[in-house]
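S.K.: quick one: sequence and predicted model below, then my questions.
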Amino acid sequence: MAKRQKPHSTQNKQSECLNICKFVLARLPTIAFGTFTVSFTLQQDVSTSTRPNREQGERKADETNRCAIFKEYIDDMKGLLLDESCEQNINKSLLQIQIQTVTLLKHLDTARKLDIIGSCQQRLLQMHS
């Protein structure tokens with residue numbers, strides 16, 4: 001009788017192991033889908049929370065770039081207009097001012113464009129007076 005219990009016991013263990021394997025394999029797609037859903041949701045939350053910060057950083061960088069371009073233009077114009085050779089070579093100076101101004105206006109916001117146009121008008125009025 002001892003010999004018969006061993007095969008039966010081994011058979012029970014094999015059957016139990018097989019049942020556990022079947023159970024795990026049956027639940028594996030559900031576990032994988034659940035894991036994917038949770039990780040995807042967390043990734044979307046992180047992506048959504050960093051987007052406003054990134055956009056704000058880009059706007060700030062654009063504004064800093066516009067300020068630098070504006071300052072460089074003002075410095076260049078000041079140098080040109082205060083240069084004594086500007087009066088002697090007026091056509092060349094005006095062409096340079098025109099090219100720099102048109103190039104600058106493409107990159108500036110409305111308020112700075114108005115500042116540039118206003119200062120150009122003042123300078124023209126002074127030249128014709």
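M.R.: That came through, no problem.

S.K.: can you point out the buried residues in the lowest-mean-pLDDT helix or strand in the chain?
M.R.: One helix or strand of the chain scores below all others by mean pLDDT, DSSP states H and E: helix 85-88, with a mean of 73. Neighbour counts using 16 or more other Cβ atoms under 10 Å place Cys86 of helix 85-88 among the buried residues. Quick note: C-beta positions are derived from backbone N, CA and C, even for glycine.

S.K.: check stretch 56-76 too.
M.R.: In terms of neighbour count (16+ other Cβ under 10 Å), stretch 56-76 has its buried residues at Ile69, Phe70, Tyr73.

S.K.: and those as a markdown table, adding distance to Arg27?
M.R.: Listed next are these as a markdown table, based on distance: Cβ to Cβ, whole Å:
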| residue | distance to Arg27 |
| --- | --- |
| Ile69 | 62 |
| Phe70 | 64 |
| Tyr73 | 68 |
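
S.K.: buried set for the host helix or strand of Leu94?
M.R.: If you go by DSSP states H and E, Leu94 is part of helix 90-105. Residues Ser93, Ile97, Gln100, Thr101, Leu104 are the ones in helix 90-105 that count as buried (16+ other Cβ under 10 Å).

S.K.: how about it as CSV, C-alpha atoms only?
M.R.: In CSV, the C-alpha atoms belonging to helix 90-105 read as follows (Å, rounded to 0.1, in the frame of the first residue of the first chain):
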residue,chain,number,x,y,z
ILE,A,90,24.6,108.9,-45.6
ASN,A,91,23.3,106.5,-48.4
LYS,A,92,25.4,103.6,-47.1
SER,A,93,24.4,104.3,-43.5
LEU,A,94,20.7,104.5,-44.4
LEU,A,95,20.9,101.2,-46.3
GLN,A,96,22.5,99.5,-43.4
ILE,A,97,19.9,100.9,-41.0
GLN,A,98,17.1,99.8,-43.3
ILE,A,99,18.4,96.3,-43.7
GLN,A,100,18.9,95.9,-39.9
THR,A,101,15.5,97.4,-39.1
VAL,A,102,13.6,95.2,-41.6
THR,A,103,15.4,92.1,-40.3
LEU,A,104,14.8,93.0,-36.7
LEU,A,105,11.0,93.7,-37.2
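
S.K.: great, nothing more from me.
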